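J.: no FASTA, just this:
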């Protein structure tokens, strides 16, 4: 190869380095999201109104109420009492200039020999987060506790 090609390749590498290296160095990767679990008496009215739509499903969703972002995790409809859901952690993951959330939840089931009321329940947990914007997508990762 002649000298022109080497200079062109070198300049291309330098330009690409100038563009991409700052992004790589400033990318924090995944971040933990701080949150507080909301007591049943403190659930915003707007969330109480939409809960019946989602409580029969096992999922996580985000809601924005009065400039606050809430994460709701539902376990679906259960035929007895004794089921529970808790949020262990929430991670914020960058995605093309926006972000996704990964919600880590723990599920607890009644023990096989435990006597529980025969009543339909909808285990749900709601957390208020520090987020300012709604995520693009939420991924729910569950862990069953024995």
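T.: That came through, no problem. Quick caveat, the model's predicted, so the values are computed rather than measured. Numbering: from 1, shown residues only.

J.: so which residues of this structure form strands?
T.: Along the chain, counting by DSSP state E, strands occupy 31-32, 35-37, 58-65, 68-75, 84-95, 98-108, 124-129, 138-145.

J.: so can I have TSV of those strands showing mean neighbour count?
T.: The C-beta positions use only the backbone N, C-alpha and C, and glycine is treated the same way. Output for the strands of the chain, formatted as TSV (neighbours: other C-beta atoms under 10 Å):
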stretch	mean neighbour count
strand 31-32	10
strand 35-37	14
strand 58-65	17
strand 68-75	22
strand 84-95	16
strand 98-108	18
strand 124-129	19
strand 138-145	13
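
J.: how about the ones you listed in TSV, adding mean pLDDT?
T.: Output for these, formatted as TSV (pLDDT from 0 to 100):
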stretch	mean pLDDT
strand 31-32	91
strand 35-37	96
strand 58-65	95
strand 68-75	96
strand 84-95	94
strand 98-108	95
strand 124-129	96
strand 138-145	93
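
J.: now those strands in a markdown table, with distance to residue 10?
T.: Formatted as a markdown table, the strands of the chain follow (distance: least, C-beta to C-beta, whole Å):
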| stretch | distance to residue 10 |
| --- | --- |
| strand 31-32 | 37 |
| strand 35-37 | 49 |
| strand 58-65 | 47 |
| strand 68-75 | 47 |
| strand 84-95 | 31 |
| strand 98-108 | 35 |
| strand 124-129 | 47 |
| strand 138-145 | 42 |
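
J.: relative to residue 46, which of these is closest?
T.: The closest of the strands of the chain to residue 46 is strand 58-65. By C-beta to C-beta, the value is 4.8 Å.

J.: which helices and strands does that closest one pack with?
T.: helix 45-54, strand 68-75, strand 98-108, strand 138-145 (3 or more C-beta pairs under 8 Å, 6 or more residues apart in numbering; DSSP states H and E).

J.: could I get those in a markdown table, plus columns for distance to residue 19?
T.: Formatted as a markdown table, these follow (distance: least, C-beta to C-beta, whole Å):
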| stretch | distance to residue 19 |
| --- | --- |
| helix 45-54 | 42 |
| strand 68-75 | 32 |
| strand 98-108 | 20 |
| strand 138-145 | 30 |
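
J.: of these, which is nearest residue 2?
T.: Using C-beta to C-beta, those put strand 98-108 closest to residue 2, at 45.3 Å.
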